[in-house]
Every structure is written in C-alpha cells, then in structure tokens.
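Colleague: Pasting a predicted model and its sequence here:
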Amino acid sequence: MRLETVAVIGGGAWGTALAQAAAMAGRSVALVVRTNRQAEAINATHMNEAALPGQVLSGRIVAMSQLAQADIIVLAVPAQSTRTLLNDLDPALLAGKPVVLSAKGLETGTLARQSEILRDMAPEALGFVLSGPSFAVDVAAGRPTAVTLAGDDASETSALALALAGPSFRPYAADDRIGVEIAGALKNVYALACGAVEGANLGASARAALIARGYAEMARMVTAMGGSAHTLTGLAGLGDLALTCTSVQSRNYQFGMALGAGRQTAEVLASGAKLAEGVATAPVAAALAKSLNVDAPLIDAVDAVVAGTSDIASIVAGLMSRPLKREI
Ligand SMILES: NC(=O)C1=CN([C@@H]2O[C@H](COP(=O)(O)OP(=O)(O)OC[C@H]3O[C@@H](n4cnc5c(N)ncnc54)[C@H](O)[C@@H]3O)[C@@H](O)[C@H]2O)C=CC1
Ligand SMILES: O=C(CO)COP(=O)(O)O
C-alpha cells in the first residue's frame, strides 16, 4: 500500500484539522472543499477562516474543489452527508484505497454506520474508522492528541496509523470497527444528555452518574451489534466520553445545555447552532436499540428531549424511579 499522499474531503473544522495532522505527519495533502472560491481563499491565506479561525495551515496543504488521485482518502463531512458525498464521487478514485471515515454518527432512515455506507457506495474501497477524543482546534494547533484507528487488516491498519502519526497526533491501531463506530456515534448522544444536565442545573454528580450509566448502555449496544465491549475501555469509548461529556467546548454538550435550559430543538437549530451530530443520531440510536432489544433508557431519554415529546423534569423523574437493580 502506497501511503504518501492524502486527500481530505470536507472543509469544515474536522477536515481542516485532519489535513493539518496529515501534513504534520509529513504527507502531501489535498483539502477538498465545496467551491473553487473556498479553495482559492484557503490557498491564498493558508488559513480556513470559516472552519478554524486564526489557525495557520501547513504549506503542505493545497485546497481544491475536486478530488484527484491520492493514496489515502479521508472523509470528514457530517455523518448524514456521507452517502451524498460518495454518490457524487468517482468510485474508481476510491477502489483499493484506504478510506478513513471520521464522522461520528448513524444514518437517518437506514440506521447505518459510516463503514456500512462506504460498503454500499464504494465496495472496492478499504474502510478504516478514526475516532477518539480530539477537538479540531487542538489537533490543528498541534496539541497532543491520541485517537483510535480501526480496520479489518492489522498490518494495513498499523501502516496507515504510522502514515498519519505526527509529533502531536498519535493513532492507536485497533480491529473492532463496530465498537469504535458505535462509541463515536453514541458519545454524542450522551454529550447532549450531559449538557442538558448542566443546562438544567442538576449537578456534577448527576453528570458523572450519566457518564457511567451511558458507558454501561454503550457496552450493551456494542455487544448486541457484534462489537467488543472491551473496545470501550479505549480512546473511542472512555476517552471520548470523558472529553465530550464534560467540556463546554463540545458542540453536542453546548446543544444539550440549550435543551436543558428549556429550549426546543428547532429553536436551537434556527439560532445557528454548530453541527451537533447527536441530534440526528439520537432517534437512530433509539430505533437501533429497539430493533436489537437492548435496554437503552438514556438514549430513549435524549431521543424524547430532542423530539420535544418529553421535558427534562419528567425524564429525570422517570429515570430515578426505574426499579432498582444490580449494577453489572
Ligand atoms: N470538529 C471536531 O472537533 C470533530 C468533528 N468530528 C466529526 O467530523 C464530522 C464533521 O464535523 P466538522 O468538520 O466539525 O463539521 P463542520 O460543520 O465544521 O463542517 C462540515 C463540513 O462538511 C461540508 N459538507 C457537508 N456536506 C458535504 C458534501 N456532501 N460534500 C462536501 N462537503 C460537505 C460542509 O460544507 C462543511 O464544510 C462530524 O461527524 C463530527 O462529529 C470528529 C472529531 C472531532
Ligand atoms: O468528537 C469530538 C471530540 O472528540 C467533537 O465533539 P463535538 O462534535 O461535540 O464538538
């Protein structure tokens, strides 16, 4: 596998940060954005002001508006946009190439994981999943970050991890794609819940309980889907829960705070909220849990709050009056 050049598709915060990480790893990077105008502005200023204000980008990054040949392709668009994006691409550019899926979410309607969408749309591509605690601003600024990179073939995954690793970006190779994808998608749902706890002033103890019970619920989901609960001890599970469920920097946490303060989803979206993947993923995760017969009271609670069919006070009362049971 030749692993010299990288194309990152998606000129938002995460695509720009991953382009920067790949450049710091010594790769030549194409950052594929939506319009020529955007590409020209990025190339002229070596910045992507709309996505990561103030961050100077490596000279190894060249922005463009069309995907050209690259050894590694990274997809960094919202989870709900991945299928449309792949539909618009020439599958020949992906055939036999490592395609790194970095969106954290489950698809509305199909309940699909990102790697299932890739398998549908570009079956010849080699799918890898990147997840873990990593705010775009930290990665782009070269602050120390560790993530999980999961793929089917151990030696290919390690080679890809090496090609993307830099002085401040450390991918750990793993083989449980299902566990990593479910962890990445569900942590956003729990981050909404934890933000709501803060927005409703329910206290740090409630938030910690939610993280621990969310972890247990996540383990039930991963196991039911054929992944390994052990994966959740790593960066994509515990690592990303620890980050996103406790930090106001998280967009999902911020969105949750607004819900906790009593605002409705439509109102928060209309106010120009940043992308919060958990909003679309919560109903999908609830449907998935139902189809797998997994007890998922926290996912159901977030789904109800996002849909506006219940309020925080009723949700809390309902959760606290569930029958007592053994912890494990
Ligand atoms: N921002 C972060 O710190 C992190 C984000 N992620 C994940 O990365 C994914 C993307 O998030 P962000 O970049 O932060 O969001 P963003 O809102 O900053 O950017 C999304 C970008 O995708 C582009 N886009 C949407 N549909 C497209 C299409 N069909 N074709 C081409 N481009 C398209 C938009 O124009 C926009 O530039 C999400 O799933 C998120 O969970 C993962 C780790 C960290
Ligand atoms: O996934 C992330 C950090 O690992 C980013 O979280 P938010 O999308 O909630 O900002």
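Modeller: Yes, it's here. Ligands and ions are numbered 1, 2, ... in the order given.
Colleague: for Arg83, what are its contacts?
Modeller: For Arg83, the contacting residues are Glu107, Ile117, Asp120, Met121, by C-beta atoms under 8 Å, 6 or more residues apart in numbering. C-betas here are computed from N, CA, C, even on glycine.
Colleague: And the pLDDT at the first one?
Modeller: Read that as Glu107. Looking at Glu107, its pLDDT stands at 98.
Colleague: How much space separates it from ligand 1?
Modeller: Noted for Glu107: a distance of 11 Å to ligand 1, by C-beta to the nearest ligand atom, to the nearest Å.
Colleague: and the spatially closest residue to Arg322 that is not a sequence neighbour, how many residues sit next to it?
Modeller: Leaving aside its sequence neighbours, Arg322 sits nearest to Pro297 (C-beta to C-beta, 6 or more residues apart in numbering; 6.6 Å). Here the count is done by other C-beta atoms under 10 Å, and Pro297 has 14 residues near it.
Colleague: likewise Arg220?
Modeller: Under the neighbour criterion other C-beta under 10 Å, Arg220 is assigned a count of 15.
Colleague: Looks like it contacts Asn293 (just checking).
Modeller: No - Arg220 lies out of contact with Asn293 (C-beta atoms under 8 Å); the separation is 10.1 Å.
Colleague: Please report phi then psi for Val100.
Modeller: With angles defined as degrees, to the nearest 10, Val100 sits at phi -90, psi 120.
Colleague: Who does it form a beta bridge with?
Modeller: Taking DSSP bridges, one obtains Val74, Phe128 as the residues bridged to Val100.
Colleague: distance of it from ligand 2?
Modeller: Taking C-beta to the nearest ligand atom, one finds Val100 at 15 Å from ligand 2.
Colleague: how about that residue, what does it touch?
Modeller: Ile72, Ile73, Val74, Leu75, Phe128, Val129, Leu130, Leu149, Leu160, Leu164 are the contacts of Val100 under C-beta under 8 Å, 6+ apart.
Colleague: Wait, the third one touches Ala22, no?
Modeller: Yes - under the criterion of C-beta under 8 Å, Val74 lies in contact with Ala22, with a separation of 7.3 Å.
Colleague: Residues in contact with both of these two, list them for me.
Modeller: Residues touching both Val74 and Ala22 by C-beta under 8 Å, 6+ apart: Val6, Val8.
Colleague: ok, so of the contacts of Arg83, who is nearest Gln66?
Modeller: The closest of the contacts of Arg83 to Gln66 turns out to be Met121 (C-beta to C-beta; 17.9 Å).
Colleague: mind putting the contacts of Val100 in TSV, distance to Leu243 and pLDDT included?
Modeller: Rendered in TSV, the data for the contacts of Val100 read as follows (distance: C-beta to C-beta, whole Å; pLDDT from 0 to 100):
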residue	distance to Leu243	pLDDT
Ile72	25	98
Ile73	26	98
Val74	20	98
Leu75	22	98
Phe128	21	98
Val129	17	98
Leu130	15	98
Leu149	17	98
Leu160	23	98
Leu164	20	98
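Colleague: Could you restrict these to the ones contacting ligand 1?
Modeller: Counting by C-beta under 6 Å from any ligand atom, nothing from the contacts of Val100 sits close to ligand 1.
Colleague: What is the nearest of those residues to Ser321?
Modeller: For the contacts of Val100, the nearest to Ser321 is Val129 (37.8 Å; C-beta to C-beta).
Colleague: Neighbours of the closest one, how many?
Modeller: Val129 has 28 neighbours, counted by other C-beta under 10 Å.
Colleague: that older thread, can you select the buried ones from the contacts of Arg83 in ChimeraX?
Modeller: Command for ChimeraX that selects the buried part of these, burial taken from 16 or more other C-beta atoms under 10 Å:
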select :107,117,121
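Colleague: now the residue in the chain that ligand 1 sits nearest to, nearest residue through space, not along the chain?
Modeller: With C-beta to the nearest ligand atom, the shortest gap between the chain and ligand 1 falls at Gly12, namely 1.7 Å. Leaving aside its chain neighbours, Gly12 sits nearest to Ala51 (5.2 Å; criterion: C-beta to C-beta, 6+ apart).
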